[in-house]
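Visitor: Below are the sequence and a predicted model for it; my questions follow.
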Amino acid sequence: MRATCNQGHPAELNSKAIDCYSLGDRVAWTSLNPSRMKELKDGIRSLVRIDFRGHVHKQFRGTDSDKRFATEVAVLKALEDRGATNVPRLVSHDPETLTLVTTNCGAPAPLVTEEKARALFQELEDNYGIRHDDPEPRNVTYSQQLGKFCLIDFELSEILPMPTSVKTAKTDVLRATWAASSVKGAKHVANDDAFLALTVNPESTDALPKSGEILLDPSHLVLAVSDGMGGRDAGEFASRLLMSRIRKEAADLYDKLGTEEDAQSALDDLLRQCHHDVTGLAEQNGNTEGMGATLTMAWISHERLFWAHIGDSRLYLINDAGVQQLTKDDCRAWWQWQRGDITEFSYRSHPRKSVLSDVLGGGKHEPFPKTGSLPLQDSQRLMICSDGIMDGLWEKTIHEMLAEEIPVAETVKKMSDRAIANDDRDDTTIIVAQIARV
């Protein structure tokens, strides 16, 4: 009898059943015989297997097998010494059997074209001085555990001098990297915030983990944050309902982003549909009466950034022009601060700071979503956050931290940790994304 594990790999079912399970992006096979390995490839040039720990065993065969073995060992050592993180790590090697053991770099990457593969391999050469002689899509994988594209099979490679500087923005391939965090407030029974990361392309709509990267075109990246409010447990329901609606409509929306006017009309319609979802549920259930939610969403294609917004969650853009807030808070106190009528200190302590003039749900009013778009540059960053970030960070601090040129995951952690340390009462949610040419 045969079956498949949750990763789609076949498993024999018998009295000594093998358990196929996921450890990040590793597939580990365990049984009463721990030396048993899963065969991945049995070819003329190599035999590739994976062991119960998730390590990859590659045994070289055929013409110049000894030379190819020595080259790959030398290249993997050089890559580790030079700090490359998106390649296999050499665990061990045996010159007698021409076998090397490496860490696992995930599965073949979908939708990687020859142009994208060559851009990734060129980036490796420019950054780490390793020239791959077979820069094809078959040698590109994606690691869920690392959250990035990886490059493999270095038996046909050349070690060049380490580059003295990093080159950027040489190709038309855009990569989007993101990281997210959501922490329940100390004064809340449940986390009323919700966030969403999706990739949408003509073939599928897929939920994404808290961090990772994709190559844009045809894939788009969708990021959203919602802060729910009103009634016992109602805020939590409202924010998650909005995330569900966005995911459900994403495929249709993908097809409507042909022109800027069509895109903004489609985003406006989506937010109005979200409003009716929330008000409809509230009318059916007395425990959720009056519930509502904010929503700030960024839709990133390979050409433009589109956004839609209502409430006081925020979208910031960071590029050559500096740090700017693209959205405007639907709050009278915020407008008073922006006009200079009150100071930031007065705004932060204003008794009506949390009173919003427009939200999704919250009654039978007609909402007025705000939408916009702009062309992508060679490099930019975005931040979407709930008001928990603003409660704990002064505006000057937000700008300073967003301007730091550090990995997005570090930015998320630093901003979230500092905001919570200063004020942990409210839920705190943040997404930071970087979009740049490979």
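Guide: Perfect, I can see it now.

Visitor: got the contact list for the longest helix belonging to the chain?
Guide: Counting residues, the longest helix found in the chain (DSSP state H) is helix 260-284. For helix 260-284, contacts defined as CB atoms under 8 Å, 6 or more residues apart in numbering pick out 231, 234, 237-238, 241-242, 245-246, 249, 253, 256-257, 288-293, 295, 297, 299, 304, 306-308, 310, 360-364, 367, 369, 371-373. Backbone N, C-alpha and C define where each C-beta goes, glycine included.

Visitor: Can you turn the buried part of the residues you listed into a PyMOL selection?
Guide: In PyMOL, a selection of the buried entries from the contacts of helix 260-284 looks like this (16 or more other CB atoms under 10 Å):
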select buried, resi 231+234+237+238+241+242+245+246+249+253+257+288+291+292+293+295+297+299+306+307+308+310+360+361+362+367+369+371+372+373
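
Visitor: Give me the residue ranges of this protein where confidence is low.
Guide: With pLDDT under 70 as the threshold, the chain has low-confidence stretches at 1-35, 166-169, 231-233, 286.

Visitor: could you pull out the helices for the stretch 251-400 of the chain?
Guide: With helices called from DSSP state H, counting those that start in this stretch, the stretch 251-400 of the chain shows them at 260-284, 332-339, 344-348, 387-392, 395-402.

Visitor: Return the most buried member of those helices.
Guide: Mean neighbours per residue, mean count of other CB atoms under 10 Å, is largest over the helices of the stretch 251-400 of the chain for helix 387-392, with a mean of 24.

Visitor: the domain parsing of this protein - what is it?
Guide: Using automatic domain parsing, the domain parsing of the chain gives 25-167, 174-437.

Visitor: Would you point to the one among the ones you listed that's packed deepest?
Guide: domain 174-437 (a mean of 19).

Visitor: pull the CA atoms of stretch 87-96 into CSV?
Guide: Only the C-alpha atoms of stretch 87-96 are listed here, as CSV (Å, rounded to 0.1, in the frame of the first residue of the first chain):
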residue,chain,number,x,y,z
VAL,A,87,23.6,28.0,-1.1
PRO,A,88,24.0,24.5,0.4
ARG,A,89,26.4,24.1,3.4
LEU,A,90,29.0,21.4,3.1
VAL,A,91,28.4,18.9,5.9
SER,A,92,31.0,16.3,4.9
HIS,A,93,32.7,14.8,1.8
ASP,A,94,34.4,11.5,1.0
PRO,A,95,37.0,11.5,-1.9
GLU,A,96,37.0,7.7,-2.0
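
Visitor: The closest residue to S379 other than its chain neighbours and I318: what is the separation?
Guide: Spatial nearest neighbour of S379, chain neighbours left out: A436 (4.0 Å); criterion: CB to CB, 6 or more residues apart in numbering. A436 is 12 Å from I318, where distance means CB to CB, to the nearest Å.
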